[in-house]
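Enquirer: Quick one, structure for this:
(one chain, ligands or ions: 7)
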Amino acid sequence: MQRRLNLITALLVLGQTIGRGMPDRPYDEHRERYSSSTVGLLKLLELELQFIENLKNYTDLLSAKANTLQDLIDSVDRGTEKTLAEREKYVSNPLNAFGLMRRTHQDWPKWHHYINTTVGRVELQALDDILGKAPDSQDMKEALIGMNRIERTYALEAKDLAKGRLLDKQYDIQLSIRDCLSLGQHKFQEGDFFRASMWYRMAIKHQPEPNAEELNTILGDPLKDLKLNYAKATIIHGLSTGNLSLSIQNVLNITEATIQKASPADLEAFIAELLNQTDDDISREMAAFEPSPTPYEIGCRGLFPKRTKLVCRYNFTTTPFLRLAPLKMEEVNHDPYIVLYHEVLYDREIEELKKQSKNMINGFSEPQQENKIREIIARHAWWWEQTTTRARIYQRITDITGFQLFVQEELNVANYGLGTIFGPHYDYTPENYDIGWFMGGPLGTILFYAGDLQQGGATIFPSINITVSPRKGSALLWFNLYDDGEPDPRTLHSSCPVIEGDRWTLTKWVHLVPQMFILPCQPRKVSQRV
Ligand SMILES: *[C@@H]1O[C@H](CO)[C@@H](O)[C@H](O)[C@H]1NC(C)=O
Ligand SMILES: *[C@@H]1O[C@H](CO)[C@@H](O)[C@H](O)[C@H]1NC(C)=O
Ligand SMILES: *[C@@H]1O[C@H](CO)[C@@H](O)[C@H](O)[C@H]1NC(C)=O
Ligand SMILES: *[C@@H]1O[C@H](CO)[C@@H](O)[C@H](O)[C@H]1NC(C)=O
Ligand SMILES: *[C@@H]1O[C@H](CO)[C@@H](O)[C@H](O)[C@H]1NC(C)=O
Ligand SMILES: *[C@@H]1O[C@H](CO)[C@@H](O)[C@H](O)[C@H]1NC(C)=O
Ligand SMILES: *[C@@H]1O[C@H](CO)[C@@H](O)[C@H](O)[C@H]1NC(C)=O
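Expert: Residues are numbered from 1 along each chain as shown. Ligands and ions are numbered 1, 2, ... in the order given. From the prediction side, this is the model:
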């Protein structure tokens with residue numbers, strides 16, 4: 001480590017090439033961000049397809065023009081009259097001389113006019129419109145945060161992610177050099193030098209892009225300063241983990257001084273030495289300093305202590321309806337009561353609820369504050385339209401829980417995006433997010449899973465070590481209040497970032513007031529008193 005330090009400080013001198021993107025429009029927190037929902041990401045993919053089609057159309061027009069101009073060249077370039085004698089012979093014939101006069105007088109201005117016309121005026125205008133819809137820097141930032149969250153929450157590593165490996169699944173997807181670089185730069189700016197250095201390393205080791213030379217003239221050279229920044233991030237990480245009494249400013253200053261002192265040859269050698277180690281060795285060495293995982297991370301990774309298996313059974317008792325159509329019920333926890341019902345939301349209902357995406361607005365996890373840019377955690381909609389599907393779902397909730405619902409009560413449809421989460425929160429504190437409670441606090445919450453999730457996206461209760469893996473069509477029910485109506489803090493819960501899949505939820509808060517006559521107030525059990 002000492003050797004590394006001496007060599008590397010010189011690296012700090014060079015600034016980082018930050019990926020510059022779309023110029024920003026005035027900030028508007030209600031503008032849809034593509035990254036915050038799969039609905040948004042789908043729109044963005046469609047925009048990219050339009051962009052590609054536009055470029056193809058434009059290129060077709062350019063080639064058509066080039067072909068026409070080639071015809072012009074063919075018509076005038078006869079390939080003869082090379083010598084002065086030949087030229088004299090040519091003009092001395094009146095037929096040639098007249099043709100020459102006429103072409104140069106009459107045709108040239110027309111060709112000029114043709115050459116001077118802008119190719120694809122309409123396409124260029126359309127391109128402007130397409131670019132006007134490109135993601136802004138806030139959207140890009142949230143995508144970076146989302147990727148970082150997936151990486152950290154599940155202890156994934158750049159060396160695997162870059163090659164399309166997500167936990168134990170190998171996908172036929174590779175991040176590009178520019179993707180790796182952008183992730184590295186974000187981590188560097190966030191002060192996560194370990195992960196920054198691993199992403200830089202992946203970018204350095206990446207296969208060169210096909211047509212790199214042409215691409216670089218337009219997109220810039222991703223390799224510029226890359227090795228230097230790799231070395232820089234490595235030194236900073238080494239220094240700050242090697243001597244905990246150094247402040248970050250100290251570390252940066254030492255790094256800077258080291259790099260200034262080092263000769264280019266020393267730097268080269270240092271970087272070559274780093275690159276000569278295996279990814280596994282480097283990542284083991286550096287990860288030794290990682291903080292231990294939080295309860296949230298443990299829960300999302302599915303690593304809470306194993307519980308004795310609770311029962312699964314058919315539940316016939318709640319309403320007469322269930323005697324005809326029993327519920328597949330899985331008890332998740334006894335106190336507080338948490339239960340999972342399977343196959344209670346059908347594909348046709350899911351299709352219908354997804355249509356609510358037309359009414360979706362940005363969902364935030366914190367109240368509005370002046371001048372503060374809030375993170376958007378999802379897109380969501382209040383489903384007020386009284387369709388038969390909505391009525392059927394309300395009836396099913398009553399069948400499942402025995403609770404009374406009024407048609408005018410709210411029903412929430414949410415769709416999550418790239419690494420977005422609803423952080424740990426209680427459903428009984430309206431300050432936590434954008435909804436005011438009416439008809440009393442939410443006695444219970446019923447959360448339907450309406451998306452297909454292959455990996456990640458669990459619901460966790462970190463205070464009581466519970467992880468629930470969502471399954472499309474299932475619904476999770478829990479009680480937020482004790483029997484005496486007081487809030488139960490053990491119901492703190494959170495969603496985990498989706499790794500692969502489409503997280504759609506349908507949430508119904510069952511309010512206290514309409515249940516007054518069904519659920520008499522009871523004293524709290526001794527075991528529940530704090
Ligand atoms: C591309 O050209 C086709 C055929 O002329 C047209 O239908 C389409 O709208 C064009 N697309 C764009 C994005 O300009
Ligand atoms: C060439 O095109 C430009 C812009 O389209 C126009 O301003 C200019 O007058 C044109 N020149 C001629 C000679 O047509
Ligand atoms: C760690 O940093 C402190 C403060 O800069 C310094 O006094 C100390 O010598 C350093 N320790 C080592 C082991 O380098
Ligand atoms: C770091 O360097 C800057 C400018 O060179 C200096 O102002 C600052 O005091 C230094 N900080 C530390 C902690 O050494
Ligand atoms: C790279 O590592 C191998 C063994 O790990 C070693 O034999 C070789 O000398 C190293 N090369 C350089 C340039 O450090
Ligand atoms: C059926 O579900 C209801 C509501 O969750 C619960 O109160 C009741 O105890 C369950 N019945 C059985 C037999 O588990
Ligand atoms: C949750 O699990 C941790 C160990 O990971 C344990 O220390 C703690 O007591 C558990 N809490 C509950 C409420 O079971």
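Enquirer: burial measure for the spatially closest residue to Arg103 that is not a sequence neighbour, as a count.
Expert: Nearest residue to Arg103, sequence neighbours excluded (C-beta to C-beta, 6 or more residues apart in numbering): Val76, at 7.2 Å. In this view, the C-beta of every residue, glycine as well, is placed from N, C-alpha and C. Neighbours of Val76 under the rule other C-beta atoms under 10 Å: 11.
Enquirer: Check what pLDDT Val76 gets.
Expert: Val76 is assigned a pLDDT of 87 by the prediction.
Enquirer: Got phi/psi on it?
Expert: phi -100, psi -30 (degrees, to the nearest 10).
Enquirer: Surely it and Gly99 touch.
Expert: No - contact criterion C-beta atoms under 8 Å: Val76 and Gly99 do not qualify, at 10.4 Å.
Enquirer: Is it correct that Glu331 falls within a helix?
Expert: No - with DSSP: H, G, I helix; E, B strand; the rest coil as the criterion, Glu331 is located in strand rather than a helix.
Enquirer: so how far is Val339 from it?
Expert: 5 Å (C-beta to C-beta, to the nearest Å).
Enquirer: and these two? which has more neighbours close in?
Expert: Here Glu331 and Val339 are compared on neighbour count by other C-beta under 10 Å; more neighbours surround Val339, at 21 against 15.
Enquirer: and the more buried one, what does it touch?
Expert: Neighbour list for Val339: Met329, Glu330, Glu331, Val332, Leu476, Leu477, Trp478 [criterion: C-beta atoms under 8 Å, 6 or more residues apart in numbering].
Enquirer: CSV please, covering the residues you listed and showing pLDDT and distance to Leu161.
Expert: Supplementary listing: those in CSV, determined by pLDDT from 0 to 100; distance: C-beta to C-beta, whole Å:
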residue, pLDDT, distance to Leu161
Met329, 87, 38
Glu330, 90, 33
Glu331, 90, 37
Val332, 93, 31
Leu476, 97, 30
Leu477, 95, 36
Trp478, 94, 34
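Enquirer: Can you go through those and name the buried ones?
Expert: Buried members of the contacts of Val339, scored by 16 or more other C-beta atoms under 10 Å, are Met329, Glu330, Val332, Leu476, Leu477, Trp478.
Enquirer: Please pull out the lowest mean pLDDT helix or strand from this protein.
Expert: In the chain, no helix or strand scores lower on mean pLDDT, DSSP states H and E than helix 2-8, which sits at a mean of 38.
Enquirer: I'd like the distance between the residue lying closest to Gly501 once chain neighbours are set aside and ligand 2.
Expert: Leaving out its chain neighbours, the residue that sits closest to Gly501 by C-beta to C-beta, 6+ apart is Leu453, at 3.5 Å. Noted for Leu453: a distance of 54 Å to ligand 2, by C-beta to the nearest ligand atom, to the nearest Å.
Enquirer: Please tell me I have it right and Leu453 contacts Val498.
Expert: Yes - counting by C-beta under 8 Å, Leu453 touches Val498, with 6.1 Å between them.
Enquirer: Between these two, point out the one with more neighbours.
Expert: Val498 (25 against 21).
Enquirer: how much distance is there from stretch 71-85 to the middle of the chain?
Expert: Put simply, stretch 71-85 sits 59 Å off its chain's centre (C-alpha atoms, centre = their mean, to the nearest Å).
Enquirer: measure it end to end?
Expert: End-to-end distance for stretch 71-85, by C-alpha to C-alpha, to the nearest Å: 28 Å.
Enquirer: I'd like to know how far Ile177 sits from Gln138.
Expert: From Ile177 to Gln138 the distance is 25 Å (C-beta to C-beta).
Enquirer: So which of these two has more stuff around it?
Expert: The neighbour comparison of Ile177 against Gln138 (other C-beta under 10 Å) goes to Ile177, with 23 against 19.
Enquirer: Low-confidence bits of this structure, can you list those?
Expert: Residue ranges of the chain with pLDDT under 70: 1-23, 309, 316, 318-319, 321-324, 407-408, 429-441, 512-530.
Enquirer: And this structure, what are its domain boundaries?
Expert: Following the assignment in automatic domain parsing, the chain carries domains at 7-19+30-132, 156-208+220-292, 300-528.
Enquirer: of all those, which lies closest to Ile145?
Expert: Nearest to Ile145, of all those, is domain 300-528, at 7.0 Å by C-beta to C-beta.
Enquirer: any bit of the closest one sitting next to ligand 7?
Expert: Yes - looking at domain 300-528 against ligand 7 by C-beta under 6 Å from any ligand atom, the contacts come from Pro305, Ile464, Asn465.
Enquirer: If we ignore the residues flanking it in sequence, what's nearest the first one?
Expert: I take that to be Pro305. Asn465 (6.2 Å).
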